[in-house]
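**Q** Quick one, what's the 3D model for this:
(chains A and B)
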2 protein chains.
Amino acid sequence: MADKKVLTVDNINPHIRDMEYAVRGRLAIRAEEIRDELAQGRKFPFNTVVSCNIGNPQQLNQKPITFFRQVASLCENPDLLTADKEPIVSQLYPKDAIDRARQILKDIGAGIGAYSHSQGVPALRKAVASFIAERDGHPADPNSIYLTQGASAGVQNILSILTENEKTGILIPIPQYPLYSATLTLLGATPVPYYLDEDSGWSLDVEEIRKTVHEARSKGTDVRALVIINPGNPTGQCLDAQNMQDILTFCHTERLVLLADEVYQTNIYEPEQRPFVSFKKALKEHPERDAIELVSFHSISKGMIGECGRRGGYFECCNLDSGVMAQLYKMASVSLCPNVSGQIMTALMVTPPKQGEPSYALYQNEMTGLYESLRRRSKKLEAVFNDMEGVTCQPAMGSMYLFPRIRLPPKAIAKAAELKVLPDAFYADQMLEATGVCVVPGSGFAQKEGTWHFRSTFLPPEELFDDFCGNLRKFHADFMATYN
Amino acid sequence: MADKKVLTVDNINPHIRDMEYAVRGRLAIRAEEIRDELAQGRKFPFNTVVSCNIGNPQQLNQKPITFFRQVASLCENPDLLTADKEPIVSQLYPKDAIDRARQILKDIGAGIGAYSHSQGVPALRKAVASFIAERDGHPADPNSIYLTQGASAGVQNILSILTENEKTGILIPIPQYPLYSATLTLLGATPVPYYLDEDSGWSLDVEEIRKTVHEARSKGTDVRALVIINPGNPTGQCLDAQNMQDILTFCHTERLVLLADEVYQTNIYEPEQRPFVSFKKALKEHPERDAIELVSFHSISKGMIGECGRRGGYFECCNLDSGVMAQLYKMASVSLCPNVSGQIMTALMVTPPKQGEPSYALYQNEMTGLYESLRRRSKKLEAVFNDMEGVTCQPAMGSMYLFPRIRLPPKAIAKAAELKVLPDAFYADQMLEATGVCVVPGSGFAQKEGTWHFRSTFLPPEELFDDFCGNLRKFHADFMATYN
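**A** Down below sits the predicted model:
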């Protein structure tokens, strides 16, 4: 008999054991199995697995932005930038891509193979600061910006430094992207959930949050930060400017650090009624602009750029204590630096080709094409969901997701109980087995008790979108027929 | 007056406050300041800052391996791989680089812009498994391999899952690369230091470690893992095969998971007397090959490749409990995936051009040239240190560092006390201000009480190496003259 292992599930870090992350959880693992089995020739009622569980546009064939990749490609291979190669290279690359790559390599100094400054290459942070200043009409300081390996890594670092002990409470929305709950579990901090109101388009009521804060504090929780995901994930709502001012006032009076997850800031589908306003801009227009502590996050994984695999992003700190900033730096330095390719892509995202430059027209075409297509797909899927029996879906104002509510028949709920899974997980399981479409059950994000939802991206390619919608319709009708 | 901040150094995560990481600490920050001041025209007794505090070869002008960068560049820009571009592209890229890029993109499926499998792209893990099998003569399982954002990220994850509570003890060498102590501080686990013996070439005495384990356990520490850095960092020693068998037996009898940091496995400077043997190979030749739990780490940042900025590496798990492996997967999935460019470079490192392929000769030339140069520089710097008054330096069998011992005059120790810094930090401060050379004081790695050291890389470019050595000699002579 084999010895008992030194390390077992019973004696590992209990926080890891307790952590849940449904976006790549049981259902996603099953989807991978099916994908493998399909490849091996096993028959399913579908030919392909469609991963709508995660906002991963290029996995669903979204093309990368040409200019960004051209510059990235040249930065990888500086041999192409020598004068003697220019006659050939200029047949493959537009002049502005060549110039940009040269400038970036000059700014970096040591190329992309060297560890950079732990906070990110200074010149690339400067590019991010200029972008923020232009976006908001208020200055930004490159020394307050950290380039990160995607927004997730930044969120993890900030939640970690915020966690003094197990009484530390962080307000997180329900429903929420489970990075927040998983990280707080890992850190042993206390998530303090506040509820978004589905019926009013997942709106955020400051007075409701205040009650939550007071209640948690009365129980001894040291509530010290508020997480806002805007545009919402999984909910897709977008905050209006007045609401944001109220939130800032609330953070000031209740002494909360505001963490603004703004990774979907360009995924805005009702730009006239509900444009994106950054919390940095809102802060600068608030009377307590020099007091309220804000950290805002952005990423290259979302928007139209969708460079998820590269792991790049940034966070900007406003009004943080200088001693805390020094501790943040020390923390970043242990991991040496964010990957430099991701840093370059972050800088490119915020400094695209300008009018008059050779790549401008193509860039504009690509961006507009992607944006219009995403917007069409969001509206189409929203209509499909709202047309289904027992399903309601709030409009997608932003992000890459819809989060429809499903009213499941009692027979379906009983069947789920019999299988020892939650009703929404049962529904999503059935959907996967019937259609190959992988979504995430609402329970993975938490939801108001007694309600059931699922999150789906609307990223399947437009030419396949009608089929995709048709399959979902048919599945739902069959499911309801079986269990009604 | 401004309000008191919500988040202050007094109420942040105390583990972050307590964490120390000298490799990018106070001295490195000062070096950056001097670099900025030099750029602004301020005068120093030198013209350039030489960063010997960190193994960052390309920052010191080491050229990247051409074939690896060619493939990386093509993967970034798949437009170059279309048939119509071939006549032009083939003037810039050898055929094997083009073929390899096509194969990698085919293996990945969605390109480098999509999140991959959380463990890393299956085909790229398979390449790593083949490399391990060939290196060791024993098979490796791609499903036991995790691609990571550099070895550091892998070490952090493994130490995290090992930490059940504050009684969890992890054996770490003294001196040690401070990633280990910093991460254990962050996790709130208990570092259990064991000492390497300087006089016998930083050798590792199993019976000494056993005493350390028993003593720690008698005090209630749950010692459960042993960290070995081989080749050593900062010490440069390389273990012999018999010693490794003894270590494995020790791990088995004492019930310890073995963590083998093998990132310097190709930085071996006495390959005949002391070749590198992996712990995976040693394990497979040990009677308890199916019992002893081993995790071994590798990286693209070191060796001759030196692609630090890209953040890539892997770890391989042997004999871990399957439930623990599932928890590891969940943990990796919260961070979505390691950056795909780093994954590609990891696979390239382990599958270089083969004999008969167009890029083989250049690849061999570059690798051999870098290796021979590193070896020459290691021996030269070792001789310089051993020639200095009051300095002894063990030979560099491996890694990128020397760790000389300095016997400081009492007047220097008194001066340090007056300035409230440790004597070795004082010495390193003086070196930086006099020569522009930034090293890390031995206290950053811990050292036997009453001894003082510093760690220096031998990475300055060969054409500048004699000047570099001359500057160090002169500084040391002046320092000794001042304080003797």
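
**Q** Next secondary structure after the helix or strand harbouring residue A:430?
**A** Under the criterion of DSSP states H and E, residue A:430 resides in helix A:423-435. Downstream of helix A:423-435, the next assigned helix or strand under DSSP H and E is strand A:437-438.

**Q** Contacts for the helix holding residue A:430 next, please.
**A** A:26-27, A:30-31, A:34, A:44-46, A:50, A:406, A:408, A:412-413, A:415-416, A:419, A:421, A:437-443, A:447, A:452-454, A:471-472, A:474-475, A:478-479 (Cβ atoms under 8 Å, 6 or more residues apart in numbering or on different chains). (Each C-beta comes from the backbone N, C-alpha and C, glycine too.)

**Q** Go again with 6 Å.
**A** With contacts defined as Cβ atoms under 6 Å, 6 or more residues apart in numbering or on different chains, helix A:423-435 is touched by A:27, A:46, A:408, A:413, A:416, A:437-439, A:441-443, A:452, A:454, A:471, A:475, A:479.

**Q** Report how many residues lie close to residue A:355.
**A** 7 (other Cβ atoms under 10 Å in any protein chain shown).

**Q** can you pull the contacts of it?
**A** If a contact means Cβ under 6 Å, 6+ apart, then residue A:355 has no contacts.

**Q** For it, which three-state class applies?
**A** Taken by DSSP: H, G, I helix; E, B strand; the rest coil, the conformation at residue A:355 corresponds to coil.

**Q** Kindly state the pLDDT recorded for it?
**A** What the model reports as pLDDT for residue A:355 is 97.

**Q** One more: the one 5 residues further on?
**A** Here, the pLDDT recorded for residue A:360 equals 98.

**Q** count of residues packed around the closest residue to it other than its chain neighbours?
**A** Closest residue to residue A:360 apart from its sequence neighbours, by Cβ to Cβ, 6 or more residues apart in numbering or on different chains: residue A:353 at 4.5 Å. Per other Cβ under 10 Å, the neighbour tally for residue A:353 reads 23.

**Q** what does the stretch 101-250 of chain A have sitting close to chain B?
**A** A:110-115, A:118, A:152, A:160-161, A:163-164, A:182, A:224 (Cβ under 6 Å from any Cβ of the partner chain).

**Q** among the residues you listed, which two are most distant?
**A** A:111 and A:224 (41.0 Å; Cβ to Cβ).

**Q** Next one, pLDDT for residue A:94 please.
**A** At residue A:94, pLDDT is 97.

**Q** Touching, it and residue A:358? I think so.
**A** Yes - using Cβ atoms under 6 Å, residue A:94 is in contact with residue A:358, at 4.2 Å.

**Q** what bits of the stretch 351-484 of chain A have low per-residue confidence?
**A** Regions of the stretch 351-484 of chain A meeting the criterion pLDDT under 70 are absent.

**Q** repeat for chain A
**A** Ranges of chain A meeting pLDDT under 70: A:1-3.

**Q** the domain parsing of it - what is it?
**A** Using automatic domain parsing, the domain ranges for chain A come out as A:14-61+A:369-483, A:73-112, A:122-350.

**Q** ok so, going back, need the contact list for the residue nearest to residue A:360.
**A** Contacts of residue A:353 (Cβ under 6 Å, 6+ apart): A:67, A:96, A:359, A:360, A:363.

**Q** what about residue A:156, how many neighbours?
**A** 20.

**Q** Which residue is the nearest non-sequential neighbour of it?
**A** residue A:183 (5.2 Å).

**Q** swap in residue A:176?
**A** residue A:445 (5.8 Å).

**Q** Wait, that neighbour touches residue A:175, no?
**A** Yes - using Cβ under 6 Å as the test, residue A:445 is close enough to residue A:175 to be in contact (3.7 Å).

**Q** those strands in the stretch 351-484 of chain A, which residues are they?
**A** A:391-392, A:401-402, A:405-406, A:437-438, A:440-441, A:454-457 (DSSP state E, counting those that start in this stretch).

**Q** Of the ones you listed, which is nearest residue A:335?
**A** Going by Cβ to Cβ, the one of those nearest residue A:335 is strand A:440-441, 28.6 Å.

**Q** Partner strands of that closest one, with direction?
**A** strand A:454-457 (antiparallel) (DSSP bridges).

**Q** and the partner strand, how far from the chain's centre?
**A** 13 Å (Cα atoms, centre = their mean, to the nearest Å).

**Q** List just the nearest of the contacts of residue A:353 to residue B:79.
**A** Ranked by distance to residue B:79 (Cβ to Cβ), the contacts of residue A:353 are led by residue A:67 at 11.4 Å.

**Q** burial count for the closest one?
**A** 23.

**Q** now do residue A:421
**A** Neighbours of residue A:421 using other Cβ under 10 Å come to 17.

**Q** And for residue A:445?
**A** 25.

**Q** Check the gap between it and chain B for me.
**A** Here residue A:445 is placed at a distance of 14 Å from chain B (Cβ to the nearest Cβ, to the nearest Å).

**Q** list the contacts for that residue?
**A** Residue A:445 touches A:175, A:176, A:234, counting by Cβ under 6 Å, 6+ apart.

**Q** Kindly report the same for residue A:248.
**A** A:286, A:292.

**Q** That one belongs to a strand?
**A** No - read with three-state DSSP, residue A:248 is helix and lies in no strand.

**Q** sec struct for the residue most central in space within chain A, please.
**A** For chain A, residue A:263 is the residue whose C-alpha lies nearest the centre (Cα atoms, centre = their mean; 5.5 Å). Under the three-state scheme (three-state DSSP), residue A:263 adopts coil.

**Q** Could you do residue A:245 as well?
**A** helix.

**Q** neighbours of it, just the number please.
**A** 17.

**Q** residue ranges of the helices in the stretch 51-200 of chain A, please?
**A** For the stretch 51-200 of chain A, the helices defined by DSSP state H, counting those that start in this stretch occupy A:66-76, A:86-92, A:95-108, A:122-136, A:150-162, A:179-187.

**Q** Return the third one as CSV; C-alpha atoms alone will do.
**A** Extracted as CSV, the C-alpha positions of helix A:95-108 are listed here (Å, rounded to 0.1, in the frame of the first residue of the first chain):
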residue,chain,number,x,y,z
LYS,A,95,5.9,53.0,-41.7
ASP,A,96,4.1,54.0,-38.6
ALA,A,97,4.3,50.5,-37.2
ILE,A,98,8.1,50.5,-37.8
ASP,A,99,8.5,53.9,-36.3
ARG,A,100,6.4,53.0,-33.3
ALA,A,101,8.4,49.8,-32.6
ARG,A,102,11.6,51.7,-32.8
GLN,A,103,10.3,54.3,-30.3
ILE,A,104,9.0,51.6,-27.9
LEU,A,105,12.3,49.8,-27.9
LYS,A,106,14.2,53.0,-27.4
ASP,A,107,11.9,53.8,-24.5
ILE,A,108,12.4,50.4,-22.9
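
**Q** With only the CA atoms kept, save stretch A:113-127 in CSV.
**A** What follows is stretch A:113-127, C-alpha atoms only, in CSV (Å, rounded to 0.1, in the frame of the first residue of the first chain):
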residue,chain,number,x,y,z
GLY,A,113,13.8,40.2,-22.7
ALA,A,114,14.9,42.2,-19.6
TYR,A,115,13.1,42.6,-16.3
SER,A,116,11.7,46.1,-16.3
HIS,A,117,11.0,48.4,-13.4
SER,A,118,8.6,46.5,-11.1
GLN,A,119,5.9,49.0,-11.7
GLY,A,120,6.3,48.8,-15.4
VAL,A,121,8.5,50.6,-17.9
PRO,A,122,8.4,54.4,-17.0
ALA,A,123,7.7,55.5,-20.6
LEU,A,124,4.9,53.0,-21.1
ARG,A,125,3.3,54.2,-17.8
LYS,A,126,3.6,57.7,-19.1
ALA,A,127,1.6,56.7,-22.2
